[in-house]
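Enquirer: no sequence for this one, just the structure:
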């Protein structure tokens with residue numbers, strides 16, 4: 001009797017494992033998750049570059065504190081506002097549009 005019971009348990013565990021691996025037991029979401037990309041261009045301020053300025057230092061100075069977005073977002077928005085410029089190659093004496101964010 002113990003052998004039959006053990007055989008039944010092994011069969012049941014095997015069936016459950018097979019069913020879980022082939023069909024699965026977790027429900028599948030019907031809608032794919034989408035990350036909503038910000039497409040609007042932020043407000044900006046025209047700033048003339050001085051010696052020692054970096055994009056981050058200018059943005060923090062204009063925000064009067066730390067910026068409320070990631071550095072990657074700041075760079076992307078800067079390069080969107082200034083398509084001819086690179087964020088890591090600002091030229092002294094040139095005027096750029098610096099994004100301004102709401103806190």
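Expert: In hand now; what should we look at? In this text the structure is predicted, and so the values were computed from the model without any measurement.

Enquirer: averaged pLDDT, the helix or strand harbouring residue 10. What do you get?
Expert: Following DSSP states H and E, one finds residue 10 within helix 2-22. Helix 2-22 shows a mean pLDDT of 87.

Enquirer: what packs against the helix or strand following it?
Expert: Downstream of helix 2-22, the next assigned helix or strand under DSSP H and E is strand 43-48. Applying 3 or more C-beta pairs under 8 Å, 6 or more residues apart in numbering; DSSP states H and E, one finds that strand 43-48 contacts helix 55-63, strand 95-100. From N, CA and C alone the C-beta is placed, and that goes for glycine too.

Enquirer: out of the ones you listed, deepest packed?
Expert: Burial of these is given as mean neighbour count (mean count of other C-beta atoms under 10 Å); strand 95-100 ranks first at a mean of 19.

Enquirer: what strands flank it, and is each parallel or antiparallel?
Expert: The pairing partners recorded for strand 95-100 under DSSP bridges are strand 43-48 (antiparallel).

Enquirer: got the angle between the strand it pairs with and helix 55-63?
Expert: Note on geometry: by axes from the mean of the first three to the mean of the last three C-alpha atoms, to 10 degrees, strand 43-48 and helix 55-63 are set 110 degrees apart in direction.
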